[in-house]
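Trainee: Sequence and predicted structure are below.
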Amino acid sequence: MNKLIKKIALGGLVLTGIVATHSCTNESAPASIKTNADSLSYSYGVMMARELSSIEGLNAEMIAAGIREAMNESGQISLEEASEVITKSKAQEGIDFLAENATKEGVTTTASGLQYKVIEEGTGASPLATDVVSVNYKGTLINGEVFDSNEGADPISFPLNRVIPGWTEGLQLMKEGGKTIFYIPYELAYGDRGAGNVIPPYAALIFEVELIKVGE
C-alpha cells in the first residue's frame, strides 16, 4: 500500500469519531474496542475527527465506502482523481468566499477578478510595474490563518514585476502612505501549485499591505 493510500485509509479512520459526535442517517452500535490494534485505530479516528468534521457536506457512509474500496483495491476513482476532487473543492471555497466578499461595502473588484478595500488613502506616488517598492504586509488564508508577515521587522523591498500578479496589479492602485486589503483569487496568486507547505493549491489569499515607498 503506497503512502497516499495509507493517508486516505488513515483519514478514513476518523469515521468512527464523526459517527460518535454527529447525527448520521445510518445509526450503528458503538464500536467495540477489544485489542491493542482496535484501540490504536480508534485513537487515530478520535484525533482526526476534528479535522474532517469541520468540512461541511461530508457523507460519513461515502467516507467509509471510499476507505473500504480503496483498501480492497476496488476504488471507483483513482488516487489521482480523488486528489483532484479534493483540491478542486478547495478552489471552490475560495471562489465562494470571493463571490460573497464582492458584495461587501467598500470592496472593489477589478476586471481581472482582484478585489481590494482601501483602509487608508495614500498621498504619494503610485508605482509602475517596473518600480521597486517597499511595503509592510500581512498575508492570510481565507480562514484567517496568517502564513506570512513582516510585522515587527523592517519594510521589505522588491521589484513589483517579480511577485504574484495580484500584487503587481494591486500595488499600482495604491499611493505611498496608503493601506489596502487585497483579496486575491488563486489565478492571480499561486495557482494550482500552491507554495510549499504554507499555501495550498487553488488558494485564494488575503493581504493587508502598507505602501511605504516607491523607488529604491
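Mentor: Arrived safely, thanks for sending.
Trainee: Give me the helix or strand of the chain that scores worst on average pLDDT.
Mentor: Counting by mean pLDDT, DSSP states H and E, the weakest-scoring helix or strand in the chain turns out to be helix 15-21, with a mean of 35.
Trainee: Let me know the outermost residue of the protein.
Mentor: Residue farthest from the centre of the chain, counting by Cα atoms, centre = their mean, is residue 34 at 39.0 Å.
Trainee: how about that residue, secondary structure?
Mentor: Classification of residue 34 using DSSP: H, G, I helix; E, B strand; the rest coil returns coil.
Trainee: Residue 190 contacts residue 203, correct?
Mentor: Yes: between residue 190 and residue 203 a contact is recorded at 6.8 Å, counting by Cβ atoms under 8 Å. C-beta coordinates here come from the backbone N, C-alpha and C atoms, glycine included.
Trainee: So these two - more neighbours on which side?
Mentor: A side-by-side neighbour count of residue 190 and residue 203, using other Cβ atoms under 10 Å, places residue 203 first with 23 against 20.
Trainee: Phi, psi for the nearest residue to that one once chain neighbours are set aside please.
Mentor: Counting by Cβ to Cβ, 6 or more residues apart in numbering, residue 203 lies nearest to residue 186, which is 5.8 Å off, once chain neighbours are set aside. The phi/psi pair for residue 186 (degrees, to the nearest 10) reads phi -60, psi -30.
Trainee: Make 57 the first number, not 1, from now on.
Mentor: With 57 as the first residue, the last one maps to residue 242.
Trainee: so who does the residue nearest the centre of the chain touch?
Mentor: Nearest to the mean C-alpha position of the chain, by Cα atoms, centre = their mean, lies residue 259 at 4.5 Å. Residue 259 makes contact with 146, 150, 197-198, 242, 245-246, 250 under the criterion Cβ atoms under 8 Å, 6 or more residues apart in numbering.
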